[in-house]
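S.K.: pasting the structure only:
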């Protein structure tokens, strides 16, 4: 299933990613999925998952990589530049302003409470996005059960065992890749056998 709409211009990309960056300060991935898939229809859920998977493999922040790919997809280099500029410009200005005024604001209990609240909201948005994306696991080569095991393995190795993220990504990433290749090879062998019988 392909996206039902497309951005009108690179400027539309700039505005969309600027608003996205401001909405999701500290947890933009869940907001990106809602904006790009549900609200604007620029990507289907399947396209979003594919682009996000590639974005995770590239160096740098995942959502910035995603914005680059979405911009490039619709308007080439101009779109990529517009999307990245939208994703980075407003947060950079905001961070500089907050950094300059942090010493004065940090003493206020309301600021500390707001920061704790933002963390809880970001965690909730990420959980909501994960639940929405569960349906796409049916089409995954690993299937829902193995994907769940890999997800739980990731949670345990990071949250409980406190292993470094780089080692977890390499270890479990290669494990997932190997299992997917194995399952795809089995499916292809079965398809060839059925073709030979017919």
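M.R.: Perfect, thanks for sending it. Note that the structure is a prediction, hence the values are computed from the model and not measured.
S.K.: quick one: distance of stretch 15-24 to the chain centre.
M.R.: 15 Å (Cα atoms, centre = their mean, to the nearest Å).
S.K.: sorry, wrong one. I was asking about stretch 112-132.
M.R.: Computed by Cα atoms, centre = their mean, the separation of stretch 112-132 from the middle of its chain amounts to 15 Å.
S.K.: got it, and stretch 10-18?
M.R.: With Cα atoms, centre = their mean as the basis, stretch 10-18 stands 18 Å off its chain's centre.
S.K.: now do it: everything it contacts.
M.R.: Contacts of stretch 10-18 with the rest of the structure, by Cβ atoms under 8 Å, 6 or more residues apart in numbering, involve 7, 35, 40, 67, 70-71, 74-75, 78-79, 81-87, 89-90. For glycine as for every other residue, the C-beta is placed from the backbone atoms N, C-alpha and C.
S.K.: buried stuff in it?
M.R.: Of the residues in stretch 10-18, 10, 12-14, 16-18 count as buried by neighbour count, 16 or more other Cβ atoms under 10 Å.
S.K.: biggest helix in this protein, by residue count?
M.R.: helix 62-105 (DSSP state H).
S.K.: please spell out which residues along the worst-scoring helix or strand of the chain on mean pLDDT are buried.
M.R.: Of all helical and strand segments in the chain, the minimum by mean pLDDT, DSSP states H and E falls on helix 109-133, at a mean of 75. The neighbour-count criterion (16+ other Cβ under 10 Å) identifies 122, 125, 129, 133 as the buried residues of helix 109-133.
S.K.: now do stretch 63-76
M.R.: For stretch 63-76, the neighbour count (16+ other Cβ under 10 Å) marks 63-75 as buried.
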